[in-house]
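Trainee: pasting the sequence and the predicted model now:
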Amino acid sequence: MKTLGILFSCVLFLSISSGFSLAENRNYGLQEVIEIAFEKNPSAAIFRANIESSKGSVGSSKAYPNPDIGFEVGRGRSLDGSDSGEEYSISIGQPIERPKKRLNRIKAAEKEVEAAEKEAEDFRLELVSEVKKGFYRLLLSKKEEEIALENLRIVEELLKTIKIRVKTGEAPEFELVKAEVERLKAEKECKKAENRIVIAKTSLNALLGGALKADYNIDGAFRIPEKRHTLDPLLSSALESHPLILKAQKELEAKGYILGKEKASVFPDITVKGFFGREIDKELYGLGLSVPLPLWYQKKGEIATASAERSKAEAELVKTKIELSRTISEEFQNYVIAFDQIDVFEKGLLNQASEALRIAELSYRHGESGLLDYLDAQRVYRQTMQEYNQAFYELEVAVASLERAAGIIFTAEAQRR
């Protein structure tokens, strides 16, 4: 029984270990990587804290002013000098704000919370864009490694063939030297590709707050987007609902409420008082009102400052709209150019490079051309494939930049919200 228990424990341990190993080495898709970034990116936590801080200001704006309490004690003497003794008085005063002043203060704080939320939305757009670029940068590096490894495999097979041909006298010794040089070049390209993958992984993981293991992998592919954007709908939608536009609008509304609060403050708050006092020959009690008179100080400086801040917020809104329109137009041009590059490759360049390599390989194997011609054809084909992958990467970057500029939330985030 003891032996069976030990065996069972070992099997359980191996199962758990295998589970952890699979969990650590599994591939991450783009959607999952973005979700991790939302949760683990350090800057995301800062924006969440800013929103909570703004909500705290709303709570403060709704607070009522504290009451005042006063107590006085002393000795007194009647006017005719016949009696003397202790006298005291107690008073309680409660300041009462003007309703309009209080309402404007609360509304301003609420609009500042909404502005902070829109700022956080804009950050999420930026984070999604950067994560997508990092994800496809890593995917491009992996594609480059695949091409380098495939080239190394071909060169090593070619080297074996040339060794046999040199040994049998079918090829000169010099071809073997050239093949050895090509193998060394291919090995160097593989090492470079490995280093690029390490750098791309580190950069992407930094956006995720270092949440992934060093040996993590991604699952993705370069594809032409199913939906093609057009400029006018992007501009129209962005000018209505982009987080930067909405943030500027909320800030403008907040400044308007602050101006309203300052204007309402010209008429001062009143204080309601209740008091009780005991003197030598009588007791006093009653209610009273205290109202400051705005004769000398009428909040002109505060009103002027609030009015200027509101004008500044109006100008910022106009400026944001202009800059956003310019950025979207520029990114759309990059987007169109990226699609055109893909079309160039798929409508002829890839087929031409593949056909040239096929002909060069047949010619070399039949002795109709030399090794250099075959290696040149391989090099051209390999470079064409690298440029094709680079064009796809640039298309993904263009899509990410355009959607970030236009305020298009990633599908997973839109569903989550």
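Mentor: Great, that's in hand. Residues are numbered from 1 along each chain as shown.
Trainee: ok, Glu187 - contacts?
Mentor: By CB atoms under 8 Å, 6 or more residues apart in numbering, Glu187 lies in contact with Leu152. For glycine as for every other residue, the C-beta is placed from the backbone atoms N, C-alpha and C.
Trainee: mind checking pLDDT for it?
Mentor: What the model reports for Glu187 is a pLDDT of 92.
Trainee: what's the helix or strand for it?
Mentor: Per DSSP states H and E: Glu187 is located in helix 173-207.
Trainee: give me phi/psi at Ile92?
Mentor: Main-chain dihedrals, Ile92, degrees, to the nearest 10: phi -130, psi 130.
Trainee: low-confidence ranges in the stretch 301-417 of the chain?
Mentor: When residues are selected by pLDDT under 70, those of the stretch 301-417 of the chain lie in 364, 366-371, 410-417.
Trainee: mind listing the helices for it?
Mentor: In the stretch 301-417 of the chain, the helices defined using DSSP state H, counting those that start in this stretch lie at 350-365, 371-406, 411-416.
Trainee: low-confidence regions, the protein specifically.
Mentor: 1-25, 79-82, 364, 366-371, 410-417.
Trainee: how many neighbouring residues does Ala360 have?
Mentor: 20 (other CB atoms under 10 Å).
Trainee: residue contacts, it?
Mentor: Counting by CB under 8 Å, 6+ apart, Ala360 touches 369, 373-374, 376-378.
Trainee: ok, now Ser354?
Mentor: Tyr381.
Trainee: coming back round to it: now tabulate the contacts of Ala360 in JSON lines and tack on neighbour count.
Mentor: Output for those, formatted as JSON lines (neighbours: other CB atoms under 10 Å):
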{"residue": "Ser369", "neighbour count": "17"}
{"residue": "Asp373", "neighbour count": "14"}
{"residue": "Tyr374", "neighbour count": "18"}
{"residue": "Asp376", "neighbour count": "15"}
{"residue": "Ala377", "neighbour count": "21"}
{"residue": "Gln378", "neighbour count": "20"}
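Trainee: closest one of these to Arg75?
Mentor: Minimum distance to Arg75 across the contacts of Ala360 is 112.0 Å, recorded for Gln378 (CB to CB).
Trainee: any idea how far that closest one is from Gly70?
Mentor: Counting by CB to CB, to the nearest Å, the gap from Gln378 to Gly70 is 96 Å.
Trainee: just confirm Glu87 is within a strand.
Mentor: Yes. The assignment for Glu87 is a strand, going by DSSP: H, G, I helix; E, B strand; the rest coil.
Trainee: find the nearest non-adjacent residue to it, please.
Mentor: Spatially, and ignoring its direct neighbours in sequence, Glu87 is nearest to Gly76 (4.3 Å; CB to CB, 6 or more residues apart in numbering).
Trainee: part of a helix, is that neighbour?
Mentor: No. Membership of Gly76 in a helix is not supported by three-state DSSP, which gives strand.
Trainee: bridging residues for it?
Mentor: Gly85 (DSSP bridges).
Trainee: next, count neighbours for it.
Mentor: Neighbours around Gly76, by other CB under 10 Å: 13.
Trainee: and it, what does it touch?
Mentor: 84-87, 279-280.
Trainee: now Ile218: phi and psi?
Mentor: phi -120, psi 160.
Trainee: try Asn27
Mentor: Main-chain torsions, Asn27, degrees, to the nearest 10: phi -90, psi 150.
Trainee: please apply the same query to the one 5 residues further on.
Mentor: Phi and psi for Glu32, reported as degrees, to the nearest 10, are phi -70, psi -40.
Trainee: gap between it and Phe38?
Mentor: From Glu32 to Phe38 the distance is 11 Å (CB to CB).
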